[in-house]
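> Based on what follows, work out the 3D shape:
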Amino acid sequence: MSSPTPTPIAIALPPPAGRSDWDAWGDEPARLPAGARAIVSTLLPGKPHPVPRRKRPTLTASRIAADDLSALTDAAGRATADDDVRVLHLGGKSTPDLLARRTGEQQAAPDAVVSPGSHDEVLAVLRLCAERGIAVVPFGGGTSVVGGVDPVRGSHAAIIALDLSRTAALITLDEVSLLATLGAGTTGPQAEELLGERGFTLGHFPQSFRYASIGGFAATRSSGQASRGYGRFDDLVHALRVATPAGELRLGRAPASAAGPDLRQLFLGSEGAFGVLTEVTVRIRPVPAATAYGAWTFPDFTSGAAALRSATQRGIRPTVLRLSDETETRVNAALGGHLTRMRGVLAVATFEGESTAAAAETRATLHDVFRSHGARSRGEEPARSWERGRFASPALRDTLLDIGVLAETLETATTWAQLPELKRSVTAALTDRLTAEGTKPLVLCHISHVYPAGASLYFTVVAALTADPAAQWQGAKDAASRAIGEAGGTITHHHAVGRDHLPYLEDEIGPLGIAVLRAVKDTLDPTGIMNPGVLVEAPGPVAG
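Numbers count the residues shown, from 1 in each chain. Below is the predicted model:
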């Protein structure tokens with residue numbers, strides 16, 4: 001462990017970031033596309049069970065002691081138990097989260113929201129909370145869909161949301177080494193604005209991009225839609241600065257090292273269970289000079305997947321590469337007029353380059369591979385259309401809940417050899433479970449990220465809500481999670497573990513792996529204040 005080092009003065013601060021409403025994704029209701037009405041009518045043959053949004057909720061009473069709140073204010077500069085602030089930190093944005101906010105009479109809220117502005121202030125807050133038995137939930141954009149930022153107090157006297165938005169900054173920029181250090185609370189749009197003004201891009205664009213933070217990307221091993229071109233977020237991390245109840249760590253000083261195990265990997269994916277990522281140094285690139293687009297249809301998912309595998313294993317690197325299955329392609333056909341006459345399955349890709357010719361050359365190389373697998377070119381518009389709407393889907397879930405329709409996602413990954421069985425097993429598990437409850441579900445799937453050895457599968461489930469929608473989705477998610485394990489897939493490719501996936505983690509990493517995580521937590525967080533119940537089972541009874 002290195003000695004504390006003062007945080008350098010930021011070279012640039014971003015404008016304030018947008019924030020989602022307390023009970024929805026984003027701050028404006030999404031319009032249901034006209035083409036979705038026909039789909040909805042087939043899903044709602046009987047009496048619908050809408051779950052409308054409600055007015056401002058009643059929050060659990062704050063249990064933070066007055067002297068603790070005063071001490072936290074001194075440590076961080078800002079701390080409050082005001083309900084107007086607490087209501088914006090109720091947790092994440094999964095379907096269970098949103099259902100609870102629409103149906104619960106009282107909402108579990110953090111006892112206070114503490115907003116440090118620097119690494120040193122974060123460290124001071126953690127030391128104070130460890131001394132006083134106050135649990136801490138690091139809070140970036142609040143976009144977790146796996147129960148990763150819920151204010152679960154456990155056996156602690158109180159719980160705070162540690163809002164990192166005041167740490168948003170471009171702290172250092174090394175234009176020679178192409179490295180930038182960003183405050184953990186910097187959101188995706190803030191990072192792109194700060195870097196773009198200086199001619200650079202991070203290139204990380206997950207669906208949560210508009211609201212999620214740099215620290216959250218690292219803490220969950222996020223994977224952006226441009227992962228084929230730029231890599232997953234953990235591929236982009238050069239260095240980390242971490243505050244823990246036991247002290248601070250500065251990890252990563254060279255582009256590669258043999259100085260023992262890479263301790264950065266302990267914190268990438270740690271979800272705030274070991275400490276708080278306060279500064280993240282990332283690899284950046286010059287803003288591309290040109291972008292090309294392409295779309296193709298294949299006779300079926302099998303031939304399309306074989307084409308993606310062949311292109312990936314040959315080293316062809318489009319920036320974005322996605323393949324929808326037959327059901328997803330048909331649903332997209334109903335939602336967008338440009339797809340109405342397409343058959344088979346649709347692949348879309350984007351290509352960035354230093355020139356228009358370079359981007360077009362990569363597209364032509366990919367086209368040749370795809371054509372050898374039976375593909376037919378569909379021009380640029382389907383890919384451009386996908387890009388225009390790529391951040392909009394989560395908000396549609398809110399609109400569908402209003403009229404009684406469940407729409408939720410889950411993801412996994414496996415090797416190319418196991419991909420067909422994994423897709424079949426998860427699709428069957430979701431279909432069978434939801435059909436048994438009297439609904440007619442649609443299960444959509446696409447390949448979202450590709451690697452030489454395998455790919456990620458991203459499933460979207462659409463069905464009529466039952467009278468008990470929370471139990472409906474929990475049963476479907478459990479069935480799918482068990483099917484993933486039995487088929488040899490990972491329980492999560494990029495959504496993280498949170499609380500939702502914790503019951504399935506031991507199957508993937510084994511009891512010894514669980515013991516290793518517990519030992520790390522006991523060392524860095526001996527009093528167990530950090531995000532209790534996330535990644536590592538919280539000891540003793542857990543209460544909201």
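> OK, contacts around residue 457?
Residues counted as contacts of residue 457 (CB atoms under 8 Å, 6 or more residues apart in numbering) are 411-414, 419, 422-423, 426, 445-448, 489. Just so you know, the C-beta spots here come from the backbone N, C-alpha and C atoms, and that holds for glycine as well.
> Look at it and report its pLDDT.
With respect to pLDDT, residue 457 has a value of 98.
> Where does it fall, secondary structure wise?
Using DSSP states H and E, residue 457 sits within strand 454-464.
> Count the neighbours of residue 358 for me.
Using other CB atoms under 10 Å, residue 358 has 16 other residues around it.
> And what about it, helix, strand or coil?
On the three-state scheme (DSSP: H, G, I helix; E, B strand; the rest coil), residue 358 is labelled helix.
> So which residue is dead centre in this structure?
residue 495 (4.7 Å; CA atoms, centre = their mean).
> quick one: that residue and residue 249, what's the gap?
Separation of residue 495 from residue 249 (CB to CB, to the nearest Å) stands at 25 Å.
> can you give me the helices in the stretch 351-500 of the chain?
Counting by DSSP state H, counting those that start in this stretch, the stretch 351-500 of the chain has helices at residues 356-372, 381-388, 393-402, 419-436, 469-486.
> could the ones you listed go into a markdown table alongside mean pLDDT and distance to residue 244?
Shown next, in a markdown table, are those (pLDDT from 0 to 100; distance: least, CB to CB, whole Å):
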| stretch | mean pLDDT | distance to residue 244 |
| --- | --- | --- |
| helix 356-372 | 98 | 43 |
| helix 381-388 | 94 | 39 |
| helix 393-402 | 91 | 32 |
| helix 419-436 | 97 | 36 |
| helix 469-486 | 97 | 30 |
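> would you turn those helices into a markdown table with distance to residue 95?
Output for these, formatted as a markdown table (distance: least, CB to CB, whole Å):
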| stretch | distance to residue 95 |
| --- | --- |
| helix 356-372 | 35 |
| helix 381-388 | 23 |
| helix 393-402 | 7 |
| helix 419-436 | 13 |
| helix 469-486 | 5 |
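> hang on, the earlier thing: list the neighbouring strands of the strand holding residue 457 plus their orientation.
Using DSSP bridges, strand 454-464 pairs in its sheet with strand 405-415 (antiparallel), strand 442-450 (antiparallel).
> just for the stretch 251-400 of the chain, where's the confidence low?
By pLDDT under 70, the weakly predicted segments of the stretch 251-400 of the chain are 336-342.
> ok, residues contacting the longest helix seen in the chain?
If you go by DSSP state H, the chain has its longest helix at helix 502-524. For helix 502-524, the surrounding residues in contact (CB under 8 Å, 6+ apart) are 244-246, 266, 273-275, 481-482, 484-485, 490-491, 497, 528, 530, 533-537.
> Dump it to PDB, restricted to CA.
Extracted as PDB, the C-alpha positions of helix 502-524 are listed here (Å, rounded to 0.1, in the frame of the first residue of the first chain):
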ATOM      1  CA  LEU A 502     -25.100 -13.500  -6.000                       C
ATOM      2  CA  PRO A 503     -27.000 -16.800  -5.500                       C
ATOM      3  CA  TYR A 504     -25.400 -18.200  -8.800                       C
ATOM      4  CA  LEU A 505     -21.900 -16.900  -8.300                       C
ATOM      5  CA  GLU A 506     -20.500 -19.900  -6.400                       C
ATOM      6  CA  ASP A 507     -21.500 -22.200  -9.200                       C
ATOM      7  CA  GLU A 508     -19.200 -20.200 -11.500                       C
ATOM      8  CA  ILE A 509     -16.200 -19.600  -9.200                       C
ATOM      9  CA  GLY A 510     -16.500 -22.300  -6.700                       C
ATOM     10  CA  PRO A 511     -16.500 -22.200  -2.800                       C
ATOM     11  CA  LEU A 512     -12.800 -21.500  -2.800                       C
ATOM     12  CA  GLY A 513     -13.300 -18.500  -5.100                       C
ATOM     13  CA  ILE A 514     -16.000 -17.200  -2.700                       C
ATOM     14  CA  ALA A 515     -13.600 -17.600   0.200                       C
ATOM     15  CA  VAL A 516     -11.000 -15.600  -1.700                       C
ATOM     16  CA  LEU A 517     -13.400 -12.700  -2.200                       C
ATOM     17  CA  ARG A 518     -14.400 -12.900   1.500                       C
ATOM     18  CA  ALA A 519     -10.700 -12.700   2.500                       C
ATOM     19  CA  VAL A 520     -10.100  -9.700   0.300                       C
ATOM     20  CA  LYS A 521     -13.200  -7.900   1.800                       C
ATOM     21  CA  ASP A 522     -12.100  -8.800   5.300                       C
ATOM     22  CA  THR A 523      -8.700  -7.200   4.700                       C
ATOM     23  CA  LEU A 524      -9.900  -4.000   3.000                       C
END
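> what's the angle from that helix to helix 469-486?
Counting by axes from the mean of the first three to the mean of the last three CA atoms, to 10 degrees, helix 502-524 lies at 80 degrees to helix 469-486.
> List the buried residues in helix 502-524.
For helix 502-524, the buried set under the neighbour-count rule, 16 or more other CB atoms under 10 Å, comprises 502, 504-505, 508, 514, 517, 520-521, 524.
> cool, stretch 157-165 as well?
Residues 158-165 are the ones in stretch 157-165 that count as buried (16+ other CB under 10 Å).
> out of those, who's nearest residue 124?
For these, the residue nearest residue 124 by CB to CB is residue 162; the value is 11.6 Å.
> for whatever helix or strand that closest one lives in, packing partners?
Assigned by DSSP H and E, residue 162 belongs to strand 158-163. On a contact count with 3 or more CB pairs under 8 Å, 6 or more residues apart in numbering; DSSP states H and E, strand 158-163 meets strand 112-114, helix 119-132, strand 134-139.
> average model confidence for the last one?
Translated: strand 134-139. Throughout strand 134-139, pLDDT has a mean value of 98.
> hmm, who's touching it?
64, 68, 89, 110, 113, 125-126, 128-129, 149-154, 156-164, 215, 219, 272, 276-277, 529-532.
> Can you flag the buried ones in the residues you listed?
Neighbour-count burial (16+ other CB under 10 Å) applied to those gives 64, 68, 89, 110, 113, 125-126, 128-129, 149-154, 156, 158-164, 215, 219, 272, 276-277, 529-532.
> next one: whichever strand or helix holds residue 305 to chain centre, how far?
Using DSSP H and E, residue 305 falls within helix 301-313. The chain centroid and the centroid of helix 301-313 are separated by 25 Å under CA atoms, centre = their mean, to the nearest Å.
> Which SSE is immediately downstream of it?
In N-to-C order, the element after helix 301-313 by DSSP H and E is strand 320-324.
> Quick one: list the elements packing against that next one.
In terms of contacts (3+ CB pairs under 8 Å, 6+ apart), strand 320-324 is packed against helix 227-230, helix 301-313, strand 345-353, helix 381-388, strand 442-450.
> remind me which residues of the stretch 1-150 of the chain are low pLDDT?
1-9, 45-46.
> Just the helices from it, written as ranges.
Under DSSP H, counting those that start in this stretch, the stretch 1-150 of the chain gives helices at 36-43, 66-76, 83-86, 95-103, 119-132.
> what comes into contact with the second one?
Meaning helix 66-76. Contact with helix 66-76 is made by 64, 79-81, 112, 114-117, 121-122, 124-125, 128-129, 132, 134, 157-158, 160, as judged by CB under 8 Å, 6+ apart.
> burial count for the nearest residue in space to residue 476 that is not next to it in sequence?
Distances taken as CB to CB, 6 or more residues apart in numbering put residue 433 closest to residue 476, at 4.8 Å, once the chain neighbours are dropped. Residue 433 is flanked by 22 other residues according to other CB under 10 Å.
> what's the answer for residue 197, then?
For residue 197, the neighbour count with other CB under 10 Å is 11.
> OK, contacts around the closest residue to it other than its chain neighbours?
Distances taken as CB to CB, 6+ apart place residue 12 nearest to residue 197, at 7.7 Å, with adjacent residues excluded. Residues near residue 12 by CB under 8 Å, 6+ apart: 169-170, 194, 197.
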